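Student: Prediction below, plus the sequence it came from.
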Amino acid sequence: MKDVLKSRMTALAQIILLSVTGPAFADSNASVTAQSLEYASVSELTERMARNELTSVTLVEYLQARIHTLDKQGPTINAIIELNPQAIDIATALDQERQDGKVRGPLHGIPVLLKDNIDTADQMQTSAGSLAMVGQPAANDAFVVQQLRDAGAVILGKTNMSEWAYVREMGLPHGWSGRGGQGKNPHVLNGEICGSSSGSAAGVAAGFAPLAMGTETNGSIACPASANGVVGVKPTLGLFSRSGIIPITRLQDTPGTLTRTVRDAALMFNALQGIDARDPVTSDAPVGVDYTALLNTDALQGKRIGYPTEYVGTNGTVLRPGFEFLMALATLEEQGATLVPLSVRLPDIDGYFNTLMAGMKHELPEYLASRSGLPIQTLQQLIDFNELNPGAEGYGQQMLNDINQLDMTHSQATEMFGVLSASFKAAIDEQMAEHNLDAMFADADGYSQFSAAVAGYPAITVPSGMNSDELPTSVFFFGQRWSEPQLLALAYSYEQASLERQNPAFREQ
């Protein structure tokens with residue numbers, strides 16, 4: 001049996017290689033053609049399964065072979081830190097359910113990748129990319145993982161990430177972890193990949209899975225989505241549960257989605273909504289929402305969209321939009337939106353980063369207490385482990401040392417962050433009210449992403465084209481609390497009008 005599976009995997013891998021380097025051809029075993037599955041949407045895959053033209057097992061095997069060929073060999077993207085050895089068994093069971101007339105929903109049999117800081121109660125590690133966290137797997141699924149399993153998704157594997165969500169050492173290369181190595185951007189292999197959900201974004205862009213979960217504290221979904229040319233959605237803080245996720249701090253952490261299309265993101269949102277008693281911040285989250293309901297090509301018609309032309313409070317930073325953003329603005333107007341230029345005042349952020357780091361200092365031990373069989377149980381033990389095991393690159397850990405030395409209490413951090421977050425909420429709310437806006441819209445300028453993150457407000461990153469270096473560019477929709485249905489609709493309308501997402505070239509610059 002193993003020889004048969006190995007032979008089939010080799011045949012599929014040859015198809016994948018040809019799909020990147022030469023003409024496609026049919027695979028008689030899998031009844032698929034090269035380039036027919038890797039960039040297909042969830043709706044396309046589901047329709048094929050419903051017509052008995054595709055099984056979940058075939059899809060999983062195909063993607064595993066693609067990962068083997070492009071992630072571990074060839075361009076070596078290093079987006080995948082570990083494949084799930086149970087994926088085929090899960091897919092087999094879900095195929096049987098479909099044959100028996102039980103279909104759980106649109107995600108039934110669809111593979112999904114998880115960032116390596118999201119717990120899975122299986123044979124895979126949950127390590128935040130750190131060698132110090134390799135040991136006994138988690139005892140329980142994260143709440144969002146159980147939701148995905150209940151929806152019929154196949155957990156395909158874990159993705160590489162910037163180690164410890166980029167708080168090990170400021171200045172480390174984005175997308176690097178001690179456990180996973182250096183991740184690459186599949187568009188331009190030596191281009192920026194961004195972090196910390198780098199592997200989730202790169203994996204979706206590279207056609208390793210249609211869906212992925214990431215997490216964001218500040219920019220860790222938006223930035224890699226932009227750099228890798230995929231759709232990234234950071235929800236309102238509290239819409240998705242954080243239980244079973246390695247924390248920076250619950251003051252601002254949230255899981256989110258990385259997909260190739262807006263509709264696929266909305267389908268994930270349908271599966272991931274729900275109140276988790278272990279995460280009180282979800283207690284007043286909306287439930288029973290159909291996040292696909294408002295998706296239509298006319299959603300921008302008659303909407304008022306504000307876009308920043310300058311940020312006051314950053315030495316009067318004036319934004320000079322690039323060609324891709326000007327084209328995006330033109331697309332919004334063509335779709336019937338009214339554009340409103342804004343001068344945005346950014347609140348003071350004194351003490352902001354210390355509140356996040358203090359959050360990690362006090363919350364990480366709580367998470368570590370939920371795990372057993374690991375080399376470490378405290379932040380100091382993590383630092384000691386890294387001292388003894390610096391790795392071939394010899395990277396430092398100054399940020400971890402700084403966090404360990406902070407004397408801010410968790411209550412002090414919570415109080416200070418509450419004030420800061422409220423000021424960013426007010427800055428967005430006031431602009432929305434004063435100009436009667438339906439949403440705000442920005443280039444990948446960093447300031448807007450930062451504002452939405454600190455406010456805990458939802459934001460969607462959507463591909464907007466390619467720059468002169470043949471790297472993706474993006475635009476950023478954001479708005480007020482619980483406005484995901486409206487933002488997804490606006491993003492969908494823009495996406496369908498612009499059709500700017502491009503498949504990667506897997507080339508050196």
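Tutor: That came through, no problem.

Student: Where do the helices of the stretch 101-250 of the chain begin and end?
Tutor: 143-150, 163-166, 198-205, 222-228 (DSSP state H, counting those that start in this stretch).

Student: Counting by contacts, list what the first one packs against.
Tutor: In terms of contacts (3 or more Cβ pairs under 8 Å, 6 or more residues apart in numbering; DSSP states H and E), helix 143-150 is packed against strand 154-159, helix 262-272. Just so you know, the C-beta spots here come from the backbone N, C-alpha and C atoms, and that holds for glycine as well.

Student: Can you say which of these is nearest to Val145?
Tutor: Nearest to Val145 among the helices and strands packed on helix 143-150 is strand 154-159; the distance by Cβ to Cβ comes to 6.9 Å.

Student: If you average pLDDT per helix and strand, which one of this protein comes out bottom?
Tutor: Counting by mean pLDDT, DSSP states H and E, the chain has its least confident helix or strand at strand 26-27, which shows a mean of 32.

Student: hmm, who's touching the one helix or strand Met416 maps to?
Tutor: Using DSSP states H and E, Met416 maps to helix 410-434. The contact list for helix 410-434 (Cβ atoms under 8 Å, 6 or more residues apart in numbering) reads 249, 251-252, 306, 342, 344-349, 351-352, 354-356, 358-359, 362-363, 408, 437, 440, 451-452, 454-457, 478-481.

Student: so of these, which ones are in helices?
Tutor: Using DSSP state H, the members of the contacts of helix 410-434 that fall in helices are 352, 354-356, 358-359, 362-363, 451-452, 454-455.

Student: that older thread, out of the helices and strands packed on helix 143-150, which comes closest to Glu169?
Tutor: Of all the helices and strands packed on helix 143-150, strand 154-159 comes closest under Cβ to Cβ, at 20.6 Å.

Student: can I see the domain layout of the protein?
Tutor: 1-27, 37-509 (automatic domain parsing).

Student: Could you save the ones you listed as JSON lines and add columns showing mean neighbour count?
Tutor: Shown next, in JSON lines, are those (neighbours: other Cβ atoms under 10 Å):
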{"stretch": "domain 1-27", "mean neighbour count": "14"}
{"stretch": "domain 37-509", "mean neighbour count": "21"}
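
Student: between those, which gets the lowest average pLDDT?
Tutor: Here the lowest mean pLDDT among the domains of the chain goes to domain 1-27, at a mean of 42.

Student: circling back: would you list the helices and strands packed on helix 143-150 in TSV and tack on distance to Thr461?
Tutor: Shown next, in TSV, are those (distance: least, Cβ to Cβ, whole Å):
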stretch	distance to Thr461
strand 154-159	17
helix 262-272	10
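
Student: picking that back up, so which of the helices of the stretch 101-250 of the chain gets nearest Asp384?
Tutor: Checking these against Asp384 by Cβ to Cβ gives helix 163-166 as the closest, at 15.0 Å.

Student: Work out the gap between that closest one and the centre of the chain.
Tutor: Centre-to-centre, helix 163-166 and its host chain are 14 Å apart (Cα atoms, centre = their mean, to the nearest Å).

Student: With stretch 158-166 instead?
Tutor: The answer for stretch 158-166 is 11 Å, by Cα atoms, centre = their mean.

Student: send the alpha carbons of that stretch over as CSV?
Tutor: Output of stretch 158-166 as CSV, limited to C-alpha atoms (Å, rounded to 0.1, in the frame of the first residue of the first chain):
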residue,chain,number,x,y,z
LYS,A,158,0.7,23.9,9.8
THR,A,159,2.4,26.9,8.2
ASN,A,160,5.7,28.6,8.9
MET,A,161,5.6,32.0,10.5
SER,A,162,7.9,34.7,11.9
GLU,A,163,9.0,33.0,15.1
TRP,A,164,7.0,34.0,18.1
ALA,A,165,4.9,36.2,15.9
TYR,A,166,8.0,38.4,15.3
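
Student: What's opposite Gly214 in the beta bridge?
Tutor: Beta bridges link Gly214 to Gly256, judged by DSSP bridges.

Student: Would you check that it makes contact with Val233?
Tutor: No: using Cβ atoms under 8 Å as the test, Gly214 is too far from Val233 to be in contact (9.5 Å).

Student: Which neighbours do those two have in common?
Tutor: What both Gly214 and Val233 touch, as defined by Cβ under 8 Å, 6+ apart, is the set 221, 256-257.

Student: Tell me the one of those nearest Ser464?
Tutor: Ile221 (16.5 Å).
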